[in-house]
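Asks: Got a sequence here, can you build the structure:
(chains A, B, C and D)
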There are 2 protein chains.
Amino acid sequence: MHSKPLAGRLPEPPSPIADDGDESRFCGTCAFSSACIAAGYDKPELAELQCLVEHVGPFRAGEHIFRTGDPFRAIFAVRAGTVKTRMVDKEGREQVLGFYLPGEVIGLNAIYPEHFPCDAVALDTAYFCRFSFPAMSALASRIPAVQQHLFRMLSKELGTASLLAGDHSADERVAAFLLDLAGRYAVRGFSGTRFHLSMSRGDIANYLRLAAETVSRVLSRFRSQQLIEIEGRELELLNPKKLREIGQALLTE
Amino acid sequence: MHSKPLAGRLPEPPSPIADDGDESRFCGTCAFSSACIAAGYDKPELAELQCLVEHVGPFRAGEHIFRTGDPFRAIFAVRAGTVKTRMVDKEGREQVLGFYLPGEVIGLNAIYPEHFPCDAVALDTAYFCRFSFPAMSALASRIPAVQQHLFRMLSKELGTASLLAGDHSADERVAAFLLDLAGRYAVRGFSGTRFHLSMSRGDIANYLRLAAETVSRVLSRFRSQQLIEIEGRELELLNPKKLREIGQALLTE
DNA sequence: CGTGCGAATTGACCCTGGTCAAGGCGCGCC
DNA sequence: GGCGCGCCTTGACCAGGGTCAATTCGCACG
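Replies: Down below sits the predicted model:
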């Protein structure tokens, strides 16, 4: 099955497509890849990892992968498509917590409460690997690399949660957001300068704690300054260097 | 008197515990207690847990427990005192990430980067339990309860990180902050209605992404509305119910 | 092909909270 | 005691971005 040898544990050359039905290619971009590699593709333990993975999907735009309050049984790695997580308070106001691209993992924040504390909603047609968490925990006890990987993923997400924490201007937020997306696409092997925004302006604004109108205005201004080219949801970064200057307060901290 | 905090801090002679000197009482309030209890106080495994714990302190107000960039070797449970974590960007601006009370754990966000991504600074005289993380990981592999506990602590912190995420008014933020502190004190067995704010107005403001003046104004207003009594850093919640109404957008989400 | 609906853009106005500045309070120190 | 230094409070002013509203665009559907 995973005949393609991925030599060493260093960052492997990323593969451009995550959803072409070739599992080994997807796994190369997946957040679990280093755990798999550390476990060894041919060891019997990996068979167990395979065993507890289940492919689910497709979900269409707007469909829920999980809902607030659902009992926590598994975490999900995005195989294709994009997801937003959000909370809805009792007044019905939505709060976007994050966007997740192919290779990234959702559901980690449900371990402690044992119920999902937020919704996960597909933004376009999306497919997932579903990892049963009890099985994963048991496996982690036997394979230190898997345990360590889970610790690292959790800890990593602690770090990224602070991206939108600071009190920063709308320009800083939008610039940092675009660069963050670009970097995450690039790391998974997609273009880091041209990509599709699968979320609406409203979702971006909500995530950045701005008004949709403000996001629209900032993007227009960035375009008029030749920093980006944007048409609808198709984006190109024309001057990442300048954008980095604008957003650096958010990116370095 | 005593040496610089971080300069080669070595195992100290068992330092007196700040409150009552009874370790089992502290452990009852500590975030690790359920892991210890699950392991069984009398089982041999617990001896190992004891073994990898090291009591450190005292740290005086302003001293660092760890600094940004320090290699990650251990996590710390607060035994007494209060700590803030913060990042300082290259322009020298401080960003307060959180406050930690007795029984709570700092350093979890360093697992992934393997270096501390922030400073931890004592706000008053503080003592800690230091848990070697490699030893802790090894133990977690053998004792599922310990592993599960680490997962839960990490996941829990993911949830709290979003407390200050939303775009909320100054009143909402301050009310939610006070109630959050109150709840955390109550859960550890302290008074949930009267307590001491060990952090300055400036630290609170920075944490809540407000100006110090705004925090001051909101507290004054809350006092004039009979919601709280506050004198310097001594606080009493007079009307927690009303405060909860004000801050509920932040608390429920 | 028109219709209708949601997303996006743009403009006009206003409010929350930041900034600047001037005291007041507490406390350690000479 | 008097002084100095943070920390805190309070007031006056101002701007960044939210809100409201009108318009346009894209697209699904009858």
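
Asks: What's the separation between the residue lying closest to A:Glu229 once chain neighbours are set aside and DNA strand C?
Replies: Take A:Glu229 and drop its neighbours on the chain: the residue closest to it by C-beta to C-beta, 6 or more residues apart in numbering or on different chains is A:Glu236, 4.3 Å away. Using the backbone N, CA and C atoms, a C-beta is placed for each residue, glycine as well. Per C-beta to the nearest atom of the strand, to the nearest Å, A:Glu236 is found 14 Å from DNA strand C.

Asks: Please apply the same query to A:Ala249.
Replies: According to C-beta to the nearest atom of the strand, A:Ala249 and DNA strand C sit 12 Å apart.

Asks: which bits of the stretch 151-253 of chain A sit near chain B?
Replies: A:151-159, A:161-162, A:164-167, A:209-210, A:249, A:252-253 (C-beta under 8 Å from any C-beta of the partner chain).

Asks: Residue numbers of the stretch 151-253 of chain A in contact with DNA strand C?
Replies: Residues of the stretch 151-253 of chain A lying close to DNA strand C (C-beta under 7 Å from any atom of the strand) are A:167, A:200-202, A:212-213, A:215-217, A:219-220, A:230, A:232-233.

Asks: Could I get the phi/psi values of A:Val68?
Replies: Actually, residue A:68 is Thr. It isn't Val. Phi and psi for A:Thr68, reported as degrees, to the nearest 10, are phi -50, psi 130.

Asks: For A:Leu210, list the residues it contacts.
Replies: By C-beta atoms under 8 Å, 6 or more residues apart in numbering or on different chains, the contact list for A:Leu210 reads A:170, A:173-174, B:167.

Asks: Below-threshold pLDDT in the stretch 51-200 of chain A: ranges please.
Replies: Filtered on pLDDT under 70, the stretch 51-200 of chain A yields the residue ranges A:161-163.

Asks: rerun that using 80 as the cut-off
Replies: For the stretch 51-200 of chain A, applying pLDDT under 80 flags the ranges A:51, A:57, A:89-92, A:159-166.

Asks: Could you measure from A:Leu210 over to DNA strand C?
Replies: Distance, A:Leu210 to DNA strand C, using C-beta to the nearest atom of the strand: 11 Å.

Asks: Point me to the helix or strand that includes that residue.
Replies: Under the criterion DSSP states H and E, no helix or strand holds A:Leu210.

Asks: how near is it to A:Asp171?
Replies: With distances taken as C-beta to C-beta, to the nearest Å, A:Leu210 is found 10 Å from A:Asp171.

Asks: could you list every residue that touches the residue of the stretch 51-200 of chain A found nearest DNA strand C?
Replies: Nearest residue of the stretch 51-200 of chain A to DNA strand C: A:Ser200, at 3.4 Å (C-beta to the nearest atom of the strand). Contacts for A:Ser200 (C-beta under 8 Å, 6+ apart) come out as A:Ala212.

Asks: Please look at A:Pro71 and A:His115 and confirm they touch.
Replies: Yes - contact criterion C-beta atoms under 8 Å: A:Pro71 and A:His115 qualify, at 5.7 Å.

Asks: Looking at these two, which one has more neighbours?
Replies: Each of A:Pro71 and A:His115 has its neighbours counted (other C-beta atoms under 10 Å in any protein chain shown); A:His115 has more, 13 against 9.

Asks: Let me see the contact set for the residue in the stretch 1-150 of chain A that DNA strand D sits nearest to.
Replies: Residue of the stretch 1-150 of chain A nearest DNA strand D, by C-beta to the nearest atom of the strand: A:Arg93 (9.9 Å). Neighbour list for A:Arg93: B:Ala249 [criterion: C-beta under 8 Å, 6+ apart].

Asks: where's it relative to B:Gln248, distance?
Replies: From A:Arg93 across to B:Gln248, the span is 12 Å (C-beta to C-beta).

Asks: contacting residues for the residue nearest the centre of chain A?
Replies: By C-alpha atoms, centre = their mean, the mean C-alpha position of chain A lies nearest to A:Tyr100, the distance being 2.7 Å. By C-beta under 8 Å, 6+ apart, the residues touching A:Tyr100 are A:78, A:82-85, A:106, A:120.

Asks: Let's see that with 6 Å instead.
Replies: Neighbouring residues of A:Tyr100 by C-beta atoms under 6 Å, 6 or more residues apart in numbering or on different chains: A:78, A:83, A:106.

Asks: give me the number of residues near the last one?
Replies: As a burial measure, A:Ile106 scores 23 neighbours (other C-beta under 10 Å).

Asks: What are the phi and psi values at it?
Replies: Torsion angles, degrees, to the nearest 10, at A:Ile106: phi -120, psi 150.

Asks: same question, the first one
Replies: Dihedral pair for A:Val78: phi -70, psi 120, per degrees, to the nearest 10.

Asks: From A:Phe99, how far off is it?
Replies: Using C-beta to C-beta, we find A:Val78 at a distance of 10 Å from A:Phe99.

Asks: Can you pick out the residue with more neighbours from these two?
Replies: Remark: of A:Val78 and A:Phe99, A:Val78 carries more neighbours, 29 against 21, as counted by other C-beta under 10 Å.

Asks: Spit out the contact partners of the more buried one.
Replies: Going by C-beta under 6 Å, 6+ apart, the list of residues near A:Val78 reads A:100, A:102, A:104.

Asks: now the last one: how far from A:Arg79?
Replies: With distances taken as C-beta to C-beta, A:Glu104 is found 10 Å from A:Arg79.

Asks: Please apply the same query to A:Ala175.
Replies: 29 Å.

Asks: which one of the two has more residues nearby?
Replies: The neighbour count for A:Ala175 versus A:Arg79, taken as other C-beta under 10 Å, is higher for A:Ala175 (28 against 22).

Asks: Could you confirm the more buried one falls within a helix?
Replies: Yes - assessed by DSSP: H, G, I helix; E, B strand; the rest coil, A:Ala175 belongs to a helix.

Asks: Please list all residues in contact with the nearest residue to it once chain neighbours are set aside.
Replies: The shortest distance from A:Ala175 to any non-neighbouring residue, by C-beta to C-beta, 6+ apart, is to A:Gly247 (3.4 Å). A:Gly247 makes contact with A:172, A:175-176, A:179 under the criterion C-beta under 6 Å, 6+ apart.

Asks: Mind putting the contacts of A:Tyr100 into a markdown table with distance to A:His64?
Replies: Formatted as a markdown table, those follow (distance: C-beta to C-beta, whole Å):
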| residue | distance to A:His64 |
| --- | --- |
| A:Val78 | 14 |
| A:Val83 | 10 |
| A:Ile106 | 12 |
